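> the following comprises the amino acid sequence and a computationally predicted model.
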There are 2 protein chains.
Amino acid sequence: MKHKGKATSFDIAHYAGVSQSTVSRALRNSPLVNEETRRKVHEVAAKLNYKVDKNASNLRTQQSSTLALLLFEDPTTDESQINPFFLSMLGSITRACAKEGYDLLVSFQSSSQDWRADYEDSHRADGIILLGYGDYLDYQSRLQQLLEQNTKFVCWGAKVDGRPDLTVSCDNYGGGQLAAQHLIEQKRTDCAFIGDASHHSPEFFARYQGFRDTFLAQGIQLNERKIANAISTQDSGYHATKSLIANNVHFNALFAASDLIAIGAIRALQEAGIMVPNDVRVVGFDNIPAASYVSPALTTVQQNTTLAGQMLVSNLLSLIRGEEVESTLLPPNLIVRNT
Amino acid sequence: MKHKGKATSFDIAHYAGVSQSTVSRALRNSPLVNEETRRKVHEVAAKLNYKVDKNASNLRTQQSSTLALLLFEDPTTDESQINPFFLSMLGSITRACAKEGYDLLVSFQSSSQDWRADYEDSHRADGIILLGYGDYLDYQSRLQQLLEQNTKFVCWGAKVDGRPDLTVSCDNYGGGQLAAQHLIEQKRTDCAFIGDASHHSPEFFARYQGFRDTFLAQGIQLNERKIANAISTQDSGYHATKSLIANNVHFNALFAASDLIAIGAIRALQEAGIMVPNDVRVVGFDNIPAASYVSPALTTVQQNTTLAGQMLVSNLLSLIRGEEVESTLLPPNLIVRNT
DNA sequence: CCACTTTCTGACACCGGTGTCATAATGTCG
DNA sequence: CGACATTATGACACCGGTGTCAGAAAGTGG
């Protein structure tokens, strides 16, 4: 049974002594085909190592059993380093896709550039997952265009009022609350915040708000001088903290909007001779793998990436099936370690 | 210009007042079509937001402009945690694919299960990249089958004699040498090795060999008692080191077969009151992102993931084009930090 | 035994492009 | 101006499946 090219359903039909139509039906286990015929066809197909041509099948059925993942990187991040939190997400999304019988196309996009989302237009994917921190979605017009084209997509990240996309996100506000409660319990009420207290990054801002409001409810107002901006990199956290210290700003606790920032902050503190957690307690956000490696191990607000991946995929699939879907908010979880 | 479904080349043809054939040619910038016609077609296509149907196009041309990445996880690893080294590789492979104009399908495979590699058979991908540590490829028969089916694939990892696949890998032996040389320069010749000194993992074994041989060349033989087995996780490294300490094994340097192992080892040492690097110097392997976060920052042998990703992709593409390709060995690089 | 349903199969159009071939339109040259 | 090359285009088969429809074969019942 040697062939030049790969076997087609006609080859199977020939060897099984049935028509090609019957082969197609038999392989998809259609109830229309006789049990014995079905067995025979499967047998021949296995022997010829036949696999359905996805291109032909997708073309005919007008769907691809494939999802596309667009990963937007922070444009200021080092080219080779990808935010480990998103890599965790990627892992869980991949698994969730596999479980649903979908393939996953992965593509990195630079937020600065005009990103392409033509995976659905070109019938390569049935839907798109958008993943990224920050303002990558501020291209309102782009989202609008996706909606108008009736492209199926879900976004990871904060739900922004007035933005009409379907999102799955961690309850960033609640996570900020968790961090604040933890520090209040530890009697550390003189807090610094490193992240982004402006509207630039919706996620970071929500974390900040939850944190701030929880302190406010205790009658404690965060001091503006103790807030420093940073993007989600270690270096950025390091420098932001460094400048607080240089300005003689004093605090006994620090909430970082992401673990990478927290790790950078701890480095800055330690270099300045400030002990963690004795002098300053630190709480991060994300629970990236490295959070447990660093010493002291980082106390942080965990985002459940496994669940997040599953929700992104299942929401997207619902959307593709034409069902009504609501944006989803996932509960965060405080992981208390040594900082 | 409203449509029910997505626009096809026939729609473009209709609006542009030409035949569908001409549209197809014009969009692919065939020299056969008149400049003015070409412009007109492009214009209409842009207005209708037309994108070529990849399924139809792939079906006809019998190729997919897509590569598949199979990522084999260490079966003992926690489900949610993926070896960060491979995530770095994934990032660089994605980028390399994008640069070459290819899409990338990503799929996680459990090495224990019977893995599927039918992406090429089903015409979803033109070739496959296999990525994983350890013995995931010991399924000789599986590889043999891929070869017989004339599936195009490249593997990441050590070149194993007698295994007929095309590989791209880091010079693990040379990396072991680098680590040994570094420690010898530091006058730390009483060394432990944590990893796998058996043939189980070809990569780890090669690292061990390079390390061992370099010491041998100095007339120093590694003490068997100072060798402990571990797989590439932090916990495994932690426990392996713990048991060395428990057995009263003494050493003033430690070479770990991977950074995760090294990070676990450092934790075990610190818990035992052994100072790093004063009492024991530690060298890891991989240079994962976390290596620079931990304190003290880890001295390690770097694998150039950016280059590795590029080589995997370019070698695979050469193979697909039917060119002769040699397995590639990439030079490692010692990163001296604080351990 | 004939009318009628049920079960199974094959023929055929179709999905949306690509490549080949024929041919019309235009240009070139002796 | 007729023979021929060049350029641009359209008609059409084809890639490898899926879905529809018609009809053969077998079963059922009055």
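Cool, got the structure. Remember, predicted model here, so these are calculated numbers, not experimental data.
> so which residues on chain A come close to DNA strand D?
Where proximity means CB under 7 Å from any atom of the strand, the interface of chain A facing DNA strand D comprises A:5-10, A:20-21, A:24, A:27-28, A:50, A:52-53, A:56-57, A:59-61. Placement of C-beta: from N, CA and C, glycine included.
> tell me the secondary structure at residue A:175.
Reducing the assignment to helix, strand or coil with DSSP: H, G, I helix; E, B strand; the rest coil, the entry for residue A:175 is helix.
> quick revisit: report the buried members of the residues of chain A next to DNA strand D.
Burial of the residues of chain A next to DNA strand D was assessed by neighbour count (16 or more other CB atoms under 10 Å in any protein chain shown); the buried members are A:6, A:7, A:8, A:9, A:24, A:27, A:50, A:52, A:53, A:56, A:57, A:59.
> among those, which lie within helices?
When DSSP state H is applied, those are split such that A:9, A:24, A:27, A:56, A:57, A:59 fall in helices.
> distance to DNA strand C added to the buried ones among the residues of chain A next to DNA strand D, as a markdown table?
A markdown table is the format used below for those (distance: CB to the nearest atom of the strand, whole Å):
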| residue | distance to DNA strand C |
| --- | --- |
| A:6 | 17 |
| A:7 | 17 |
| A:8 | 13 |
| A:9 | 10 |
| A:24 | 8 |
| A:27 | 12 |
| A:50 | 16 |
| A:52 | 13 |
| A:53 | 11 |
| A:56 | 7 |
| A:57 | 9 |
| A:59 | 4 |
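> wait, which of those is closest to residue B:207?
Each of these was checked against residue B:207 using CB to CB; the closest is residue A:6, at 39.8 Å.
> surely the closest one meets residue B:121?
Yes - Residue A:6 is within contact range of residue B:121, at 6.6 Å (criterion: CB atoms under 8 Å).
> shared neighbours of these two, anything?
residue A:51 (CB atoms under 8 Å, 6 or more residues apart in numbering or on different chains).
> what's the closest of the buried ones among the residues of chain A next to DNA strand D to residue B:214?
Proximity of those to residue B:214, judged by CB to CB, is greatest for residue A:6, which lies at 48.7 Å.
> how about the contacts made by that closest one?
Contact analysis of residue A:6 by CB under 8 Å, 6+ apart lists A:50, A:51, B:121, B:123.
> dihedrals phi and psi, it?
Note on residue A:6: backbone dihedrals following degrees, to the nearest 10 are phi -80, psi 150.
> tell me how far it lies from residue A:84.
Using CB to CB, to the nearest Å, we find residue A:6 at a distance of 40 Å from residue A:84.
> please apply the same query to residue A:328.
Taking CB to CB as the measure, residue A:328 and residue A:84 are separated by 23 Å.
> now residue A:58. Nearest residue, chain neighbours left out?
Ranked by CB to CB, 6 or more residues apart in numbering or on different chains and with sequence neighbours excluded, the top spatial neighbour of residue A:58 is residue B:55, at 4.3 Å.
> how about the strands of the stretch 101-250 of chain A, start to end?
Taking DSSP state E, counting those that start in this stretch, the strands of the stretch 101-250 of chain A run over residues A:103-110, A:127-131, A:153-156, A:166-170, A:191-195, A:227-229.
> who are the packing partners of the third one?
Spelled out, that is strand A:153-156. Using 3 or more CB pairs under 8 Å, 6 or more residues apart in numbering or on different chains; DSSP states H and E as the contact criterion, the secondary-structure elements in contact with strand A:153-156 are strand A:127-131, strand A:166-170, helix A:305-320.
> to chain B, which of those lies closest?
Closest to chain B of the helices and strands packed on strand A:153-156 is helix A:305-320 (CB to the nearest CB; 5.3 Å).
> what parts of the stretch 1-150 of chain A come near DNA strand C?
When proximity is defined by CB under 7 Å from any atom of the strand, the stretch 1-150 of chain A lies next to DNA strand C at A:18-22, A:25, A:31-37, A:56, A:59-60, A:62.
> filter these to the buried ones?
Applying 16+ other CB under 10 Å to these flags A:18, A:22, A:25, A:33, A:37, A:56, A:59 as buried.
> do you know how far the one residue sitting closest to the centre of chain A is from chain B?
Here the mean C-alpha position of chain A is nearest to the C-alpha of residue A:89 (CA atoms, centre = their mean), at a distance of 4.4 Å. As judged by CB to the nearest CB, to the nearest Å, residue A:89 and chain B stand 11 Å apart.
> can you pull the contacts of that residue?
Going by CB under 8 Å, 6+ apart, residue A:89 touches A:131, A:156, A:305, A:308, A:309.
> okay, among the residues you listed, which ones form the most distant pair?
Those two in the contacts of residue A:89 that are separated most widely, counting by CB to CB, are A:131 and A:305, at 10.9 Å.
> of these two, which one has the most company?
residue A:131 (26 against 23; other CB atoms under 10 Å in any protein chain shown).
> bridging residues for the more buried one?
As for beta bridges, residue A:131 partners with residue A:71 under DSSP bridges.
> list the buried residues for the helix or strand bottoming out on mean pLDDT in chain A?
Taking mean pLDDT, DSSP states H and E as the measure, chain A has helix A:140-148 as its least confident helix or strand, at a mean of 76. When neighbours are counted by 16+ other CB under 10 Å, the buried residues of helix A:140-148 are found to be A:143, A:146.
> what's it in contact with?
A:115, A:117, A:128, A:137, A:153, A:163, A:164, A:165.
> can you tell me the closest non-neighbouring residue to the first one?
When the adjacent residues along the chain are set aside, residue A:115 lies closest to residue A:109, with 4.2 Å between them (CB to CB, 6+ apart).
> give the burial count for that neighbour, as a bare number.
Neighbours of residue A:109 under the rule other CB under 10 Å: 19.
> the residue nearest to residue A:58 contacts residue A:59, correct?
Yes - the pair residue B:55 and residue A:59 qualifies as a contact (CB under 8 Å) at a distance of 4.0 Å.
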